[in-house]
Every structure is written in C-alpha cells, then in structure tokens.
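Participant: coords below, sequence missing:
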C-alpha cells in the first residue's frame, strides 16, 4: 500500500480514495509479445537448419550464432523488465484533495504530476474497441483550466465509475472548501449604500 505521507505536498487530513493502475490485460499482451520474441531465435535455428543443413558444422558460425542469440535474449529480457516496470509503477492516485499522476519513463526516470480538485472542469471516460468494451477498461480524460489541458488515466479498469467518482469528489470538494470561502469573502465586503 502506498504511504501518502511520502508523497509531495500531503496534508494531514488527506485520504486516499482510489489507487489506479493499468488493466491486467495490458500486462498479458506484453507477456504474449515477449513469448513471441523469445521464440524467434529458436525458430531461426530451425529455419537455418532447413535452409542450410551444414551451417552449424562450422564452429565459428555456431559461436557467432549463439552469441547473437544470447545478445538478442538479453535485450528481450531488458525490454520486458523495462515494460513491466513502466506498467507497474505508472500509478494514478485520487485523494479527497487532489489527483496524482505518477508516470515511469524508462527505468530511471519518473514524472509526478499533481492536480488539485478545484481545478477540474470536466471528466470524460473513453472506451474504444471490442475488447475494451467486453472487459470494461479504457481511458479517463480530466480537463483543467491550467496550462496542462488534460490529465489522462490510461487503460484503467472501469473508467466510467472512476470518472463518476472523480466528479463526485470535485463537487464535494467545492461544496466544503470553495463555497464557504466565497460566502466568507462576500460577508467581509462592506456594502456601499448611499
């Protein structure tokens, strides 16, 4: 579980509402791609044996083939590790005060973006494609008034419910924090009657 106290700018009364990651199907498709990539060198051995049966009779060619296959496997594992780290560490956190977008960019780079709930103007959920509709996962776009026009949750489960939860939190935040401040500022203004 994430510890909100370790996140930047956390307040004592802040509570985590949702912690979101990409849908598990994204990881499954990544694993399927990895398996296909790992089968390629084995398939290459059979193709070379069929096309040129005496290819592996020469030890130098065999050594170079094995070295090439080993380098290929190492890069495939590195790609899989980097993709899994990107999948696992990309996190979206919804609290009762803000939205945090933690994006892993490569192995050693991370970007943390923060959006206060009072800046949210519109929330849109988007489900595209047959598989997305069946398994109910997609995108949530959050429109703001600031320089960054859209905050995006990518390939998360139940995007319609997440969008609804965000809008409910935004309305609750505005009622409890913005409306009382507006009333207090109206009461504090002197009236000019002549």
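Facilitator: Received it, and whenever you're ready, just let me know what you need. Treat the numbers as computed from the prediction; the structure is a model and nothing was measured.
Participant: pLDDT at residue 91, what is it?
Facilitator: Per-residue pLDDT puts residue 91 at 90.
Participant: what sits against it?
Facilitator: 2, 19, 20, 21, 100, 102 (C-beta atoms under 8 Å, 6 or more residues apart in numbering). In short, each C-beta sits where N, CA and C put it, glycine included.
Participant: all strands of the protein, in order?
Facilitator: For the chain, the strands defined by DSSP state E cover 16-20, 91-95, 98-104, 110-116, 120-126, 137-144, 150-157.
Participant: quick one: which of those is nearest residue 68?
Facilitator: Residue 68 lies closest to strand 98-104 among the strands of the chain, at 30.2 Å (C-beta to C-beta).
Participant: can you list the strands that that closest one pairs with?
Facilitator: strand 91-95 (antiparallel), strand 110-116 (antiparallel) (DSSP bridges).
Participant: please identify the buried residues of the last one?
Facilitator: Burial within strand 110-116, assessed by neighbour count using 16 or more other C-beta atoms under 10 Å, is assigned to residue 115.
Participant: any idea of the angle that strand forms with strand 137-144?
Facilitator: Strand 110-116 and strand 137-144 are oriented at 60 degrees to each other (axes from the mean of the first three to the mean of the last three C-alpha atoms, to 10 degrees).
Participant: how does the protein divide up, domain by domain?
Facilitator: Split into domains by automatic domain parsing, the chain comes to 14-23+89-177, 27-86.
Participant: now the last one: mean pLDDT?
Facilitator: On average, the pLDDT along domain 27-86 is 89.
Participant: could you tell me the end-to-end distance of that domain?
Facilitator: Start-to-end span of domain 27-86 (C-alpha to C-alpha, to the nearest Å) is 10 Å.
Participant: please apply the same query to stretch 141-153.
Facilitator: With C-alpha to C-alpha, one end of stretch 141-153 sits 7 Å from the other.
Participant: cool, stretch 142-156 as well?
Facilitator: End-to-end distance for stretch 142-156: 14 Å, by C-alpha to C-alpha.
Participant: could you do stretch 45-59 as well?
Facilitator: 15 Å.
Participant: cool, stretch 93-100 as well?
Facilitator: 5 Å.
Participant: quick one: buried residues of that stretch?
Facilitator: Buried residues in stretch 93-100 (16+ other C-beta under 10 Å): 93, 94, 95, 97, 98, 99, 100.
Participant: how far off centre is that stretch?
Facilitator: Relative to the mean C-alpha coordinate of its chain, stretch 93-100 is positioned 15 Å out (C-alpha atoms, centre = their mean, to the nearest Å).
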